[in-house]
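K.L.:
I would like to see how this sequence folds:
(chains A and B)
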2 protein chains.
Amino acid sequence: MVLESAELTIKAGMEAEFEAGVRQATPLFQRARGCRGMWLERGVENPLAYRLLVRWDTVEDHNVHFRGSEDFQEWRRLVGHCFDGAPSVSHLETVLEGF
Amino acid sequence: MVLESAELTIKAGMEAEFEAGVRQATPLFQRARGCRGMWLERGVENPLAYRLLVRWDTVEDHNVHFRGSEDFQEWRRLVGHCFDGAPSVSHLETVLEGF
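P.N.:
Here you go, the predicted model:
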């Protein structure tokens, strides 16, 4: 299991549209191969800095299968126009479950 | 409820020592005022890039009460020598629980 972390800076004034787009896109992730969950966080210090977190079985489920899908095009159609610059994406693995 | 996200770059070769230090520090967070959980992620693309995630009731519980405590000094004593540069810390709020 890996956690995709996408840092998304949103154009000022487009926050509500972006959040609605992510909500609308939820089924795209729900039906994606190997996708186990997703949620959206928003920065306290910088409210234009969002972080989308998506749980995948493998990095390939995200990088190859999802990014190569029609649903990825739909995802970008729903929210891409709200991005202020390219997203910064990384994958993480849990190494310690403290509590 | 807020999520503290601390990006920690660790000196090459100190990964095991850092992870052991975080494990040892877990009780410091467990007893901290307003702390509701913590876990540690590690980068897939960059294994020296860790992310510590801590749930707090409020930003002040972290920034004021924890950072002003003796336990914060102990936290830094346990892991600070493993840091390659200053940590980058932000706070996030969940705005959408997709699934």
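K.L.:
What parts of chain A come near chain B?
P.N.:
Residues of chain A lying close to chain B by C-beta under 8 Å from any C-beta of the partner chain are A:2-3, A:5, A:19, A:22-23, A:26, A:29-30, A:37-46, A:49-51, A:59, A:90-99. (Glycine included, C-beta is placed from N, CA and C.)
K.L.:
what about 6 Å?
P.N.:
Within chain A, the residues that sit near chain B (C-beta under 6 Å from any C-beta of the partner chain) are A:19, A:22-23, A:26, A:30, A:37-45, A:90-99.
K.L.:
Pull the contacting residues for A:Arg51.
P.N.:
A:7, A:41 (C-beta atoms under 6 Å, 6 or more residues apart in numbering or on different chains).
K.L.:
partner residues bridging it?
P.N.:
Applying DSSP bridges to A:Arg51 gives these bridge partners: A:Glu7, A:Glu41.
K.L.:
what mean pLDDT does the one helix or strand A:Met38 maps to have?
P.N.:
Take DSSP states H and E as the rule and A:Met38 turns out to sit in strand A:35-43. Within the predicted structure, the mean pLDDT of strand A:35-43 is 98.
K.L.:
wait, what's in contact with the closest residue to A:Ser5 other than its chain neighbours?
P.N.:
In space, not counting the residues next to it along the chain, A:Ser5 is nearest to A:Ser90; the distance is 5.4 Å by C-beta to C-beta, 6 or more residues apart in numbering or on different chains. Taking C-beta under 6 Å, 6+ apart, we find A:Ser90 in contact with A:5, B:43, B:45.
K.L.:
just to revisit the earlier point, any buried residues in the strand holding A:Met38, and which?
P.N.:
Neighbour counts over strand A:35-43 (16 or more other C-beta atoms under 10 Å in any protein chain shown) mark A:35-36, A:38-43 as buried.
K.L.:
Convert the helix ranked longest in chain A to PDB, retaining C-alpha atoms only.
P.N.:
In terms of residue count, the longest helix belonging to chain A (DSSP state H) is helix A:15-30. The C-alpha atoms that make up helix A:15-30 are tabulated as PDB, following Å, rounded to 0.1, in the frame of the first residue of the first chain:
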ATOM      1  CA  GLU A  15     -11.200  27.300  -4.100                       C
ATOM      2  CA  ALA A  16     -14.900  26.500  -4.000                       C
ATOM      3  CA  GLU A  17     -14.800  25.400  -7.700                       C
ATOM      4  CA  PHE A  18     -11.800  23.200  -7.100                       C
ATOM      5  CA  GLU A  19     -13.300  21.600  -4.000                       C
ATOM      6  CA  ALA A  20     -16.600  20.900  -5.900                       C
ATOM      7  CA  GLY A  21     -14.500  19.400  -8.700                       C
ATOM      8  CA  VAL A  22     -12.700  17.000  -6.400                       C
ATOM      9  CA  ARG A  23     -16.000  16.000  -4.800                       C
ATOM     10  CA  GLN A  24     -17.400  15.300  -8.300                       C
ATOM     11  CA  ALA A  25     -14.300  13.300  -9.200                       C
ATOM     12  CA  THR A  26     -14.600  11.000  -6.200                       C
ATOM     13  CA  PRO A  27     -16.200   8.100  -8.200                       C
ATOM     14  CA  LEU A  28     -13.300   8.200 -10.600                       C
ATOM     15  CA  PHE A  29     -11.000   7.200  -7.800                       C
ATOM     16  CA  GLN A  30     -13.500   4.800  -6.300                       C
END
